[in-house]
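Colleague: Turn this into a model:
(chains A, B, C and D)
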Protein chains: 4
Amino acid sequence: MLKFALIGAGRIGKMHSEIITSNPETELKFVYDLNREIAINVASISKAEVVNNPEEAINSNTTDAVLIASATPTHIEFIKMAANAGKPVLCEKPIDLDIIKVNKCREELKGIKSQIQIGFNRRFDLSHSKAQQARLKKEIGELEMIIITSRDPAAPGLDYLKACGGFFRDTTIHDFDLSRFILGEDPIVEVSAFGENLFDANVKTAKDFDTAMFILKSKSGVLIHINNSRRAVYGYDQRVEVFGSKGMVISNNQTPNSTERYTSSSTSSKDPIHFFFIERYQQAYKDQLNSFIETVKTNSRPKVTFEDGRKALIIANAAYESYKNKRTVEIKYD
Amino acid sequence: MLKFALIGAGRIGKMHSEIITSNPETELKFVYDLNREIAINVASISKAEVVNNPEEAINSNTTDAVLIASATPTHIEFIKMAANAGKPVLCEKPIDLDIIKVNKCREELKGIKSQIQIGFNRRFDLSHSKAQQARLKKEIGELEMIIITSRDPAAPGLDYLKACGGFFRDTTIHDFDLSRFILGEDPIVEVSAFGENLFDANVKTAKDFDTAMFILKSKSGVLIHINNSRRAVYGYDQRVEVFGSKGMVISNNQTPNSTERYTSSSTSSKDPIHFFFIERYQQAYKDQLNSFIETVKTNSRPKVTFEDGRKALIIANAAYESYKNKRTVEIKYD
Amino acid sequence: MLKFALIGAGRIGKMHSEIITSNPETELKFVYDLNREIAINVASISKAEVVNNPEEAINSNTTDAVLIASATPTHIEFIKMAANAGKPVLCEKPIDLDIIKVNKCREELKGIKSQIQIGFNRRFDLSHSKAQQARLKKEIGELEMIIITSRDPAAPGLDYLKACGGFFRDTTIHDFDLSRFILGEDPIVEVSAFGENLFDANVKTAKDFDTAMFILKSKSGVLIHINNSRRAVYGYDQRVEVFGSKGMVISNNQTPNSTERYTSSSTSSKDPIHFFFIERYQQAYKDQLNSFIETVKTNSRPKVTFEDGRKALIIANAAYESYKNKRTVEIKYD
Amino acid sequence: MLKFALIGAGRIGKMHSEIITSNPETELKFVYDLNREIAINVASISKAEVVNNPEEAINSNTTDAVLIASATPTHIEFIKMAANAGKPVLCEKPIDLDIIKVNKCREELKGIKSQIQIGFNRRFDLSHSKAQQARLKKEIGELEMIIITSRDPAAPGLDYLKACGGFFRDTTIHDFDLSRFILGEDPIVEVSAFGENLFDANVKTAKDFDTAMFILKSKSGVLIHINNSRRAVYGYDQRVEVFGSKGMVISNNQTPNSTERYTSSSTSSKDPIHFFFIERYQQAYKDQLNSFIETVKTNSRPKVTFEDGRKALIIANAAYESYKNKRTVEIKYD
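Modeller: Now for the predicted structure:
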């Protein structure tokens, strides 16, 4: 049994607590949150202990691993704390919104042998990973294009928008990572970004985008398109299309059931697709934990590394530069 | 150019006139209908000549072939007239509603070398014939089950209902033939029929069914299910499922376009399927004519023979017997 | 926490033990199996106690509820034992293969206030129950037809075939129940059954069918078709179609992921559907338990009653009679 | 009967001759081609007359309308010839590859009252136009994104590649026009273009692209993505997705039949989609002619104007500029 300390017990933290509790190989031992009430609530369901400070949870001899689901600006602090304590870490994305801090953290972690996995959950989605496998096994021949559609069901509130680091760093970062996952060894070298505020007043107040499109290029010339929206009335639209010399694999949307309706006005109608990430990526989150468990048990390299988190952020930053200058930006990872 | 005499210029006759006119290998020369006005209307569009009696059209030296689309009770008379004149015939289904008359006609035609094709148009549907091919080429291995769903969009009027010979002889006869087409050399040996009048007042007046189900068995033990309705609000529901030891092929419904709609209440919604047989089997009717042309040109056996028409009627008659006696009826074709 | 005694720890029993263990409202306390080793294995995973006889488990003060997953001939004995101990029971289908024993049990249970739920899991499938809701809420208008396709991926071994009571009582019984579920208050009054042994040698040895079709009729005239096979190479084929005056709802098959493949020879290809019932009805089994929990908590009538189990068996028996006599059989439930 | 002169009898010209011949309202009278043999071949099928020079065909009193399907560099000459003769013109796309010539032609046509329709056939595709209608009727609310996937089945030969004006002017021009069609009054103001030569040797020799992506922006802020390939092994991939505040409409791919195959390795497999434009847009080409007939009969404005042809070329030119300078280019239409 891998015993976890959970740092951060908000919406995502609570979801992780349930996944840890229901996994037969893991157990939730400690819960810390700035807001003690939230921590108590989550801990009670999982029969875990509430602690008053993160050090206590992370450094405890009982703790085998740390799951970080706190506010983004605190991620680096907790990553370092856990790494220094020699504890494996599964940290929600992003590492941080500031690449300078991320690079500094990277320097500080040099020499410290630690397993740090970043929470790009979509890599563990069965359908998306089938698309990645189709590329890896050359089922589609040579990869030529990737098309990612990724639209949230509804825009978040103003507080979230102000704190999230902007649409590209908050949302598209998942798609940048997914592109990197499918490309494998072939790095993304260029990005062109386009953003609009078409419908959401809060997004306007936050001076952010609610609608965005991107084109990226890999070193070998693969062209990648991403489109994002903060609102799709039919649900959480998550599609990946991988196109190559021998064919195409599409990871399509998923509905909660398999009913089809036929009426005088329409046929083959399905129900709305899964509402949002907790429903859509439920199994992916579970398999993310399973992968992390395997990494810890075999003392191997995490499937999603600190470097993966850093590179996705670098692409997001380059995307902002592209948007501002209305031109393609070359990406430097150093 | 194969020059046609068209006998009967009602709804189906008009459709055939258009198909003959637009086919580059055929030409409509003569049109006969009891109702001269209808004949004039159809003839004028196709630049054909209206004749006052069927003999004139059928026996004319100009006429190469005869298409019979008149009222069912007249089919046999015109088939014999054409056969005796040595003209190939494409005759709408059914041959007749009375098996005694059909058998008598069969006797009378013995010795007369003539090409008679019965209008079981569905055999020429590209998708249905792909299902048949999957059975023939053993793509699905050994055939084990056939499931046919065949539902009209709306019930016909009382006049039609009274004249049509009953639901089994009018509608299911197509499905009996389609089953025979897919089975190939393996004859249908048993039928069990079930009929209800659930919704249509005219059907009740005509003492007919608007809803029916069937199970048939072939000599080799293949089980066949057919279900029929006089009303499907979403359009003309035409599906064939062929199931065997190595898999399944479904000939599915068809919509007039490929749009899919996503709203807050439903996803992947398509438009209603094709309204009725003229839309759904448009290409099948054209390919039926092409097949007939080929038959005439090569002086070969029609793809759907008089015997096919006779056997489908025999099954329909056995189905009525099954319904009445609430038991499985063995089918005798002699 | 509802504390369970599990009677029978074979394949199905093991599955139930996992569902009980992972449900936050239930706990597995005791496990009994004739084969002690099997019981130990299941109990150890769930941290439950192995007992040497069923009485001990059922009668223990700790036990709140009993789940019966033992061999079919023992079901009645354990149902009575639990009922007499005042414990709610969730019993796998069928109650028994012998209607005389079932009727006797029914008599013996009269006066004993007990909650007995029979394990017709398919009623709890989200998609099937959407179809049932469409009938209940008249979304499809007046119900006219039900079409159920239910095919196993592969035939079981000879031992199973010999003990299972025959194809109709073992497999179709689920579809009879599903039909009853959709029909609601409208009882099934007639059945016609057709069975073949087309491919499986063990099935032949067991003098059973591997392929079957049925037509049933409800009191109000709804026609129902069921088709079954012991082998579908593409997976566990489970479809329900509900057709009525205002449209149709289909509960379609489900694949484990949402990938679609496009190659030079085919397009829109999906992976094989779920392999078998444990994969396909995973959530249905969980929701079956949730429904049972609710029943116990609220002291209400189970969603699937002893009477439901009895009636499904009566239909299966009538189906055998129909098969033997090649005729429609009227169903008597008394 | 609208009597046509056909100028150019190559692959596309031949297709148009068949469409004119089969349309009950039109007749092919004259055929001209530089290559007299080709003209004879096409004319003989349609019972039209071969002429030795285009003037003869265009200026004949018999000629009511002119269809131009000759080599692109000759389009302007024939458009002017027909316009000066007061004959309505249906001219294949593009008007010309050189915007200077197009602008000059536009000047020369000023004051000449003539109906000129440019052959952007996709506007007449039933499914694409349903997507456009969904935008027009605000069925999808306010338009926010358009995604167009447009991939040829196989790359053309070197001769074609050298003469076609480049991938953007030859192929993407259709997608630029389709975007303009969907946008309606809202003009495209910016384009960013990305091209690669990933697989085709002839394309390399012609210094062209075989793979391309685009992002365009309309004045109101709608973002448009287009992706193109010279090769899709599964057929002619033609999809349009229209996304807005109230939902999404997708015009999806079309297969020649509706069969679905289920095997041990895949399910719901369809046949390859339509091979290429002649198959896929067969009905669209017919409806393009019907629209042109209506325009002539009612003396109204063509549904696709000379100005539409000119603007699509301007966008293509701006796309090349964007590609060369690796930046977004503002589009000027004057």
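Colleague: Tally up the residues packed near residue A:79, please.
Modeller: 25 (other Cβ atoms under 10 Å in any protein chain shown). All C-beta atoms are positioned from the backbone trio N, CA, C, and that covers glycine.
Colleague: err, residue A:36, not the other one
Modeller: Neighbour tally, residue A:36, other Cβ under 10 Å: 14.
Colleague: residues contacting it?
Modeller: A:50, A:52 (Cβ atoms under 8 Å, 6 or more residues apart in numbering or on different chains).
Colleague: and the gap between it and residue C:332?
Modeller: 67 Å (Cβ to Cβ, to the nearest Å).
Colleague: same check, this time on residue A:207
Modeller: Counting by Cβ to Cβ, the gap from residue A:207 to residue C:332 is 76 Å.
Colleague: part of a helix, is residue A:254?
Modeller: No. Counting by DSSP: H, G, I helix; E, B strand; the rest coil, residue A:254 is not part of a helix but coil.
Colleague: okay but it is in contact with residue A:280, surely?
Modeller: Yes. At 6.5 Å, residue A:254 counts as touching residue A:280 under the criterion of Cβ atoms under 8 Å.
Colleague: Which one's more surrounded, those two?
Modeller: Neighbour count, other Cβ under 10 Å: between residue A:254 and residue A:280, residue A:280 has more, with 23 against 19.
Colleague: Strand partners (parallel or antiparallel) of the host helix or strand of residue A:150?
Modeller: Using DSSP states H and E, the element containing residue A:150 is strand A:143-151. Strand A:143-151 has the following sheet partners, assigned by DSSP bridges: strand A:223-229 (parallel), strand A:237-244 (antiparallel).
Colleague: how about the residues of the stretch 101-250 of chain A that lie near chain B?
Modeller: A:232-235 (Cβ under 8 Å from any Cβ of the partner chain).
Colleague: which residues are contacting the helix or strand hosting residue A:58?
Modeller: Per DSSP H and E: residue A:58 is located in helix A:54-59. For helix A:54-59, contacts defined as Cβ under 8 Å, 6+ apart pick out A:5-7, A:29-32, A:51, A:63, A:66, A:78, A:81-82, A:85, A:87.
Colleague: let's see it at 6 Å
Modeller: Residues outside helix A:54-59 that contact it (Cβ atoms under 6 Å, 6 or more residues apart in numbering or on different chains) are A:5, A:7, A:30, A:32, A:51, A:66, A:81-82, A:85.
Colleague: Can you tell me which of the residues you listed comes closest to residue A:211?
Modeller: residue A:7 (33.9 Å; Cβ to Cβ).
Colleague: Does that closest one touch residue A:68 like I think?
Modeller: Yes. Residue A:7 lies in contact with residue A:68 (Cβ atoms under 6 Å); the separation is 5.0 Å.
Colleague: So these two - more neighbours on which side?
Modeller: residue A:7 (31 against 28).
Colleague: how close does the more buried one sit to chain D?
Modeller: Here residue A:7 is placed at a distance of 38 Å from chain D (Cβ to the nearest Cβ, to the nearest Å).
Colleague: Filter the residues of the stretch 101-250 of chain A next to chain B down to the buried ones and hand me the PyMOL line.
Modeller: Applied in PyMOL, the following selects the buried portion of these according to 16 or more other Cβ atoms under 10 Å in any protein chain shown:
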select buried, chain A and resi 232+233+234+235
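Colleague: which among the residues of the stretch 101-250 of chain A next to chain B gets closest to residue B:13?
Modeller: residue A:234 (46.7 Å).
Colleague: could you pull out the helices for the stretch 151-300 of chain A?
Modeller: A:158-163, A:167, A:173-183, A:201-205, A:277-280, A:282-297 (DSSP state H, counting those that start in this stretch).
Colleague: looking at those, which is buried most?
Modeller: helix A:167 (a mean of 26; mean count of other Cβ atoms under 10 Å in any protein chain shown).
Colleague: Let me have the residues of the stretch 101-250 of chain A next to chain B in TSV, adding pLDDT as columns.
Modeller: Shown next, in TSV, are those (pLDDT from 0 to 100):
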residue	pLDDT
A:232	98
A:233	98
A:234	97
A:235	97
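Colleague: State the pair within the residues of the stretch 101-250 of chain A next to chain B that is farthest apart.
Modeller: So for those, where distance means Cβ to Cβ, the most widely separated pair is A:233 and A:235, at 8.0 Å.
Colleague: Look up how far residue B:213 lies from whatever residue of the stretch 201-334 of chain A ends up closest to chain D.
Modeller: Closest to chain D within the stretch 201-334 of chain A is residue A:327: 3.7 Å, counting by Cβ to the nearest Cβ. Distance, residue A:327 to residue B:213, by Cβ to Cβ: 67 Å.
Colleague: neighbour-wise, which of these two wins?
Modeller: Neighbours were counted for residue A:327 and for residue B:213 using other Cβ under 10 Å; residue B:213 has more, 25 against 15.
Colleague: and chain A, which of its residues are near chain D?
Modeller: A:144, A:192, A:194, A:196, A:198-199, A:211, A:213, A:215, A:221, A:223, A:225, A:233-234, A:245, A:247, A:326-328 (Cβ under 6 Å from any Cβ of the partner chain).
Colleague: And the buried ones among these, selectable in PyMOL?
Modeller: Only the buried entries of these go into this PyMOL selection, using 16+ other Cβ under 10 Å:
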select buried, chain A and resi 144+192+194+196+198+199+211+213+215+221+223+225+233+234+245+247+326+328
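Colleague: one step back: okay, buried residues for the helix holding residue A:58 please.
Modeller: For helix A:54-59, by 16+ other Cβ under 10 Å, it's A:54, A:57-59.
Colleague: Need the strands paired with strand A:143-151 in a markdown table (columns: distance to residue C:137 and mean pLDDT).
Modeller: Shown next, in a markdown table, are the strands paired with strand A:143-151 (distance: least, Cβ to Cβ, whole Å; pLDDT from 0 to 100):
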| stretch | distance to residue C:137 | mean pLDDT |
| --- | --- | --- |
| strand A:223-229 | 33 | 98 |
| strand A:237-244 | 28 | 98 |
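Colleague: Could you look over those strands and pick the most buried one?
Modeller: Comparing these by mean count of other Cβ under 10 Å gives strand A:223-229 as most buried, with a mean of 26.
Colleague: Break chain A into its domains for me.
Modeller: A:2-114, A:123-276+A:304-330 (automatic domain parsing).
Colleague: Format those as TSV; extra columns: distance to residue B:321.
Modeller: Compiled in TSV, the domains of chain A are given as follows (distance: least, Cβ to Cβ, whole Å):
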stretch	distance to residue B:321
domain A:2-114	61
domain A:123-276+A:304-330	34
